[in-house]
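Novice: pasting a predicted model and its sequence here:
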Amino acid sequence: MIYLKTEEEIELMRESCLLVSKTLAMLAPLVQPGVSTAHLDKLAEEFIRDNGALPACKGYEGYPNATCMSINDVVVHGIPHHDIILKEGDILSIDMDTLKNGFCGDSAYTFPVGEIAPEVKKLLETTKASLFLGIEQAVTGNRIGDISNAVQTYCERAGYSVIRDMIGHGLGHDLHEEPEVPNYGKRGQGKVLKQGMVICIEPMIAMGKFELDIDKDGWTAHTRDRKFSAHYEHCVAIRKGKADILSDFSIIENALKNKN
Ligand code: MF3
Ligand code: CO
């Protein structure tokens, strides 16, 4: 069942989502060669707790950490580790969740580590642009397939492939609620979008093929061909005419600008 949120609930969700964005902005200048993903995870967890929230990922289906730190060919659910050290030219997707006032926040951003190759930069730009094309479709009266198709068409035209095994989702009291929000699909298909639906749109886009393998840890999902993939995620509330984006990349991007 799709749980429609009231305006009051959407405001609480905005708070949870903004806390994710603020945490990502806090981490942004620290995403540098030589830093371990466990260090970034620890800082994120402290920041979330200091702001009166819980890290919703931690313990979710046994997931061990507050954040998912996915480097290069790792698409999602990379487990932070002291031995995983960022190096120049890497890309790092940080995906994390908060729980505050009974509602989850969820957002993800892929960061370049130092200087990255021009073709990798293009992958990041395309993936992020596809997210905003998906968001443009996230209005009352449209269908889930309109979002999915916008993301897929744009990314495939650029020569990339859309990950099939991992998809976006509804968000609320739970991290994963109905409806499912795939990044591939046909226009005019799927559930009709209604005022009060809150969904996470999260394109995961690969430079090579879309097949995934999961590591022995049961979580880390990497592309089978080991080519890079990127991931950006916003949480949006469905409204008439224009989606209401509850997370915020501008504070992350300002933090990145100030770093340089
Ligand atoms: N934000 C992730 C998602 O939407 C969830 C991470 S928690 C995990 O899939 F436990 F699943 F890793
Ligand atoms: Co999500």
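Specialist: Sure thing, it's come through. Residues are numbered from 1 along each chain as shown. Ligands and ions are numbered 1, 2, ... in the order given.
Novice: check for me that Leu19 belongs to a helix.
Specialist: Yes: counting by DSSP: H, G, I helix; E, B strand; the rest coil, one finds Leu19 located in a helix.
Novice: please tell me how far it sits from Ala66.
Specialist: To Ala66, Leu19 is 12 Å away according to CB to CB, to the nearest Å. Glycine gets a C-beta too; all of them are placed from N, C-alpha and C.
Novice: comparing the two, which residue is more hemmed in?
Specialist: Each of Leu19 and Ala66 has its neighbours counted (other CB atoms under 10 Å); Ala66 has more, 26 against 23.
Novice: near ligand 2, which residues of the stretch 101-250 of the chain are found?
Specialist: For the stretch 101-250 of the chain, the residues in contact with ligand 2 (CB under 5 Å from the ion) are 106, 200.
Novice: looks to me like Glu178 is in a strand.
Specialist: Yes: using three-state DSSP, the assignment for Glu178 is a strand.
Novice: Arg14 sits in which helix or strand?
Specialist: Counting by DSSP states H and E, the element that carries Arg14 is helix 7-27.
Novice: what's that helix packed up against?
Specialist: The helices and strands touching helix 7-27, judged by 3 or more CB pairs under 8 Å, 6 or more residues apart in numbering; DSSP states H and E, are helix 37-50, strand 91-100, strand 103-112, strand 234-237, helix 250-259.
Novice: and the third one with ligand 1, contact?
Specialist: Read it as strand 103-112. Yes: using CB under 6 Å from any ligand atom, we find that strand 103-112 touches ligand 1 at Asp106.
Novice: what does whichever helix or strand comes after that strand contact?
Specialist: Using DSSP H and E, the helix or strand that follows strand 103-112 in sequence is helix 118-136. With CB atoms under 8 Å, 6 or more residues apart in numbering as the test, helix 118-136 has contacts from 89, 91, 110, 112, 116, 147-148, 150-151, 154-155, 158, 160, 183, 201-205, 207, 228-234, 236, 243, 245.
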